[in-house]
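In: build me a model from this:
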Amino acid sequence: MKSDNIKLGIDRTPNRSLLYALGLTDEEIKRPLIGVVNSFNEIVPGHMNIDKITSAVKAGIRLAGGTPIEFPAIAVCDGIAMGHIGMKYSLVTRDLIADSTECMALAHQFDGLVMIPNCDKNVPGLLMAVARINIPTIFVSGGPMLSGKLKNGKRTCLSSMFEAVGAYYAGNMNDEDIKEYAENACPTCGSCSGMYTANSMNCLTESLGMALPGNGTIPAVYSKRIRLAKATGIKIMELVEKNIKPKDIMTDLAFKNAIAVDMALGCSTNTMLHLPAIAHELDIDIDLRYVNEISEKTPNLCHLAPAGDTYIEDLDLAGGVYAVMKELEKKSLLNTQLMTVTGSSIKENLSHVKNLDENIIRNIDNPYTKTGGLAILFGNLAPNGCVVKRSAVDEKMLKHKGPARVYDCEEDAIKAIYDKKINKGDVVVIRYEGPKGGPGMREMLNPTSAIAGMGLDKEVALVTDGRFSGATRGASIGHVSPEAASGGNIVYVKDGDIISIDIPNYKIDLEISDSELEKRKQTTKIKEPNVKTGYLSRYAKLVSSADKGAILC
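Out: Numbers count the residues shown, from 1 in each chain. Just a heads-up that it's a prediction; the model follows:
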């Protein structure tokens with residue numbers, strides 16, 4: 001066992017004395033030591049129940065003959081961090097989580113790991129860590145939140161809450177309406193109830209093969225989630241016994257499967273930051289142009305919020321992620337021979353799976369669209385690519401051409417939207433919000449929700465080198481690469497310039513001549529990141545562009 005490095009032999013007597021100091025018995029020390037990474041805290045609704053999940057995992061480990069040893073991981077709530085400096089500290093935690101978990105796992109020589117994440121950056125951060133550590137590991141999340149319900153019976157969620165603020169400023173809601181939304185949009189603990197980033201990544205953890213069925217969809221408040229956690233604790237002991245490691249599971253083909261499931265589900269655009277970053281830790285390159293190749297042949301089967309009016313709890317009742325994979329299997333859109341943490345192949349896992357509701361998960365022959373939920377656009381505005389959640393764009397906005405309205409930060413754009421300075425047909429450009437320029441690549445949920453709440457989401461596009469929440473809908477195009485702070489062409493856009501967007505053909509262009517663009521390059525001064533101290537300053541110096549996953553170099 002790997003843990004023999006800290007517990008066997010005369011030379012390790014001092015180490016054993018510290019294990020005794022923990023209260024461990026000889027019997028516990030003899031067993032495999034399993035690190036349980038608990039991301040519980042009392043500020044993130046998606047993490048407030050994780051203490052219960054952790055207890056269940058530890059019970060499962062003990063039942064199967066292991067010794068669980070718990071240590072923490074941090075988590076930021078993107079919703080609470082939204083709209084102020086706190087959002088600069090969201091994406092950057094992904095690397096802190098990965099680094100700190102790597103340190104803890106290798107310093108203490110665990111035989112296996114159970115990762116218990118839930119919200120946006122914990123899942124990819126912990127997946128990055130296990131890719132480095134490469135000891136037997138399994139994931140179980142805290143689970144999704146249930147959808148809310150208003151007095152009129154309408155179901156609701158966090159994205160509806162943000163859009164309600166836009167409706168308020170447009171004069172379409174009053175204080176009482178807003179209060180009703182606030183009290184009902186997020187009715188339980190768990191990761192927010194639509195196909196936002198947290199739920200996207202928890203679902204994709206299943207498709208990567210790193211979690212048991214149901215990990216991405218069983219609601220946080222269901223007892224079934226506790227049973228899943230116990231089963232996960234039991235399963236890690238099997239993985240340790242068989243020495244099945246993350247690198248045996250997260251192969252190049254597994255990432256191709258994950259991208260296909262991403263397209264079918266209509267996941268958050270943030271997956272196009274996280275999947276490349278996780279793959280990078282495994283020396284696997286995800287070319288964004290290849291993402292479009294998968295999208296071209298993978299139909300979109302789900303319209304979960306914000307793309308539609310169904311929620312993760314509905315996906316769970318319809319059969320969950322595995323039911324989506326079963327549909328893709330019908331057209332050979334997955335490699336089903338790959339190993340998973342179940343100890344069986346995907347093909348074996350899917351053998352008894354059924355799609356239980358074709359209104360929630362469309363039959364493969366009756367998709368919402370023949371192409372996937374995400375699209376990567378290229379052109380002179382984004383030579384290295386940018387990403388849009390195609391499944392959440394109104395059909396008439398799939399192709400759009402309009403004048404740019406340019407802002408150098410989110411706050412200025414928000415003010416212009418609420419002051420009704422944005423007109424139908426405009427393309428709002430928000431720059432200097434990329435990984436380096438932000439620093440931290442803030443999510444632009446507030447401006448996109450303001451546009452939607454004011455009824456402009458079918459008339460106005462938004463383009464940014466920042467990123468979007470999975471709760472964003474409309475023609476919201478993010479991750480423009482290279483970013484403004486690195487001299488990307490987005491920095492040379494001027495008010496009134498025409499921007500052409502063609503999502504079906506994966507194109508985005510600034511309609512000015514090459515000579516005019518070169519002239520602007522000679523006369524435009526690029527702004528430096530406005531944070532000079534602390535972690536954000538160090539991050540800005542080290543971070544790569546969004547098309548590379550915003551990894552630290």
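In: so what's the nearest residue to G209 once chain neighbours are set aside up against?
Out: Spatially, and ignoring its direct neighbours in sequence, G209 is nearest to T340 (3.5 Å; CB to CB, 6 or more residues apart in numbering). C-beta coordinates here come from the backbone N, C-alpha and C atoms, glycine included. If you count contacts by CB atoms under 8 Å, 6 or more residues apart in numbering, T340 has them with 209-210, 249, 346, 349.
In: for the spatially most central residue of the chain, what are its contacts?
Out: Note on the chain: the residue nearest the mean C-alpha position is T197, at 3.4 Å, using CA atoms, centre = their mean. Applying CB under 8 Å, 6+ apart, we find T197 in contact with 78, 120, 268, 270-271, 469-470.
In: same deal with F468?
Out: 268-270, 389, 443-445, 448, 476, 478.
In: make it 6 Å
Out: 269, 443-444, 476, 478 (CB atoms under 6 Å, 6 or more residues apart in numbering).
In: okay, now K58: neighbour count?
Out: 22 (other CB atoms under 10 Å).
In: right, and it touches I69 too?
Out: No. The pair K58 and I69 does not pass the contact test of CB atoms under 6 Å, sitting 9.0 Å apart.
In: among the contacts of T340, which one has the most neighbours?
Out: Counting neighbours by other CB under 10 Å, M210 leads the contacts of T340 with 25 neighbours.
In: against Y492, how distant is it?
Out: Using CB to CB, to the nearest Å, M210 is found at 42 Å from Y492.
In: and N366, what helix or strand is that in?
Out: Assigned by DSSP states H and E, N366 belongs to no helix or strand.
In: for the closest residue to it other than its chain neighbours, helix, strand, or coil?
Out: The shortest distance from N366 to any non-neighbouring residue, by CB to CB, 6+ apart, is to E358 (7.3 Å). With DSSP: H, G, I helix; E, B strand; the rest coil as the basis, E358 sits in coil.
In: E358 - how many residues pack around it?
Out: The number of residues near E358, taken as other CB under 10 Å, comes to 13.
In: and it, how far from M325?
Out: Remark: distance between E358 and M325 (CB to CB) = 15 Å.
In: phi first, then psi, for L398.
Out: Per-residue torsions, L398: phi -70, psi -30 (degrees, to the nearest 10).
In: typed the wrong thing, it's S481
Out: phi -130, psi 140.
In: dump the residue contacts of it.
Out: Counting by CB under 6 Å, 6+ apart, S481 touches 384-385, 545-547.
In: from those residues, which is closest to N41?
Out: A546 (27.5 Å; CB to CB).
In: for that closest one, give its distance to K532.
Out: From A546 to K532 the distance is 22 Å (CB to CB).
In: which of those two has more neighbours?
Out: Neighbour totals were compared for A546 and K532, and A546 leads with 31 against 9 (other CB under 10 Å).
In: now the buried members of the contacts of S481.
Out: By neighbour count, with 16 or more other CB atoms under 10 Å, these hold 384-385, 545-547 as buried.
In: where do the strands sit along this structure?
Out: Assignment of strands within the chain using DSSP state E yields the ranges 33-38, 67-72, 112-116, 137-139, 148-149, 155-156, 374-379, 382-389, 399-407, 427-430, 461-464, 476-481, 498-502, 507-510.
In: any chance of those strands in TSV, with mean pLDDT and distance to R12 too?
Out: Formatted as TSV, the strands of the chain follow (pLDDT from 0 to 100; distance: least, CB to CB, whole Å):
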stretch	mean pLDDT	distance to R12
strand 33-38	98	13
strand 67-72	98	16
strand 112-116	98	20
strand 137-139	98	24
strand 148-149	96	54
strand 155-156	95	56
strand 374-379	98	50
strand 382-389	97	50
strand 399-407	98	60
strand 427-430	98	56
strand 461-464	96	53
strand 476-481	97	48
strand 498-502	98	62
strand 507-510	98	59
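In: between those strands, which one is nearest to A131?
Out: Of all the strands of the chain, strand 137-139 sits nearest to A131, with 9.4 Å by CB to CB.
In: and that closest one, what's buried?
Out: 137-139.
In: tell me, how many residues neighbour K399?
Out: If you count neighbours by other CB under 10 Å, K399 ends up with 14.
In: where does pLDDT dip in this protein?
Out: Scanning the chain for pLDDT under 70 picks out no residues.
In: contacts for the lengthiest helix in it, please.
Out: If you go by DSSP state H, the chain has its longest helix at helix 223-242. Residues outside helix 223-242 that contact it (CB under 6 Å, 6+ apart) are 32, 34, 53, 56-57, 59-61, 63-64, 66, 111-112, 114, 136, 138, 140, 143, 212, 214, 218, 343.
In: do the same with stretch 11-30
Out: By CB under 6 Å, 6+ apart, the residues outside stretch 11-30 that reach it are 6-7, 67.
In: same question, stretch 344-352
Out: Contacts of stretch 344-352 (CB under 6 Å, 6+ apart): 326, 329, 336-338, 342.
In: in stretch 450-470, what's buried?
Out: 450-454, 456-457, 459-470.
In: give me the subset of those lying in helices.
Out: Per DSSP H, those map to helices at 450-453.
In: which of the residues you listed lies closest to P299?
Out: Looking across those and measuring by CB to CB, the closest to P299 is A452, at 25.4 Å.
In: wait, doesn't that closest one sit right on V165?
Out: No. Applying CB under 6 Å, one finds A452 not in contact with V165, separated by 10.3 Å.
In: count of residues packed around the residue nearest to I259 when sequence neighbours are not counted?
Out: Once flanking residues are discounted, I259 sits nearest to I294: 4.9 Å by CB to CB, 6+ apart. For I294, the neighbour count with other CB under 10 Å is 19.
In: swap in the one 4 residues further on?
Out: Using other CB under 10 Å, T298 has 25 neighbouring residues.
In: hang on, isn't K424 packed against E459?
Out: Yes. Taking CB under 6 Å as the definition, K424 is a contact partner of E459 at 4.0 Å.
In: how about the helices in the stretch 1-150 of the chain?
Out: For the stretch 1-150 of the chain, applying DSSP state H, counting those that start in this stretch gives helices covering 13-21, 26-30, 50-63, 78-81, 93-107, 122-133.
In: one step back: where's the residue nearest to I259 relative to G373, distance?
Out: 11 Å.
In: E410 too?
Out: 25 Å.
In: which of these two has more neighbours?
Out: Between E410 and G373, G373 has the larger neighbour count (other CB under 10 Å), namely 31 against 24.
In: tell me how far M115 lies from A105.
Out: Relative to A105, M115 is positioned 10 Å away (CB to CB).
In: these two: which has the busier surroundings?
Out: Remark: of M115 and A105, M115 carries more neighbours, 29 against 22, as counted by other CB under 10 Å.
In: and the helices in the stretch 151-300 of the chain?
Out: Counting by DSSP H, counting those that start in this stretch, the helices of the stretch 151-300 of the chain are 158-169, 175-184, 197-208, 223-242, 246-249, 252-265, 271-281, 288-297.
In: just put the ones you listed in JSON lines and tack on distance to N41.
Out: Listed next are these as JSON lines, based on distance: least, CB to CB, whole Å:
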{"stretch": "helix 158-169", "distance to N41": "18"}
{"stretch": "helix 175-184", "distance to N41": "22"}
{"stretch": "helix 197-208", "distance to N41": "14"}
{"stretch": "helix 223-242", "distance to N41": "18"}
{"stretch": "helix 246-249", "distance to N41": "25"}
{"stretch": "helix 252-265", "distance to N41": "27"}
{"stretch": "helix 271-281", "distance to N41": "21"}
{"stretch": "helix 288-297", "distance to N41": "33"}
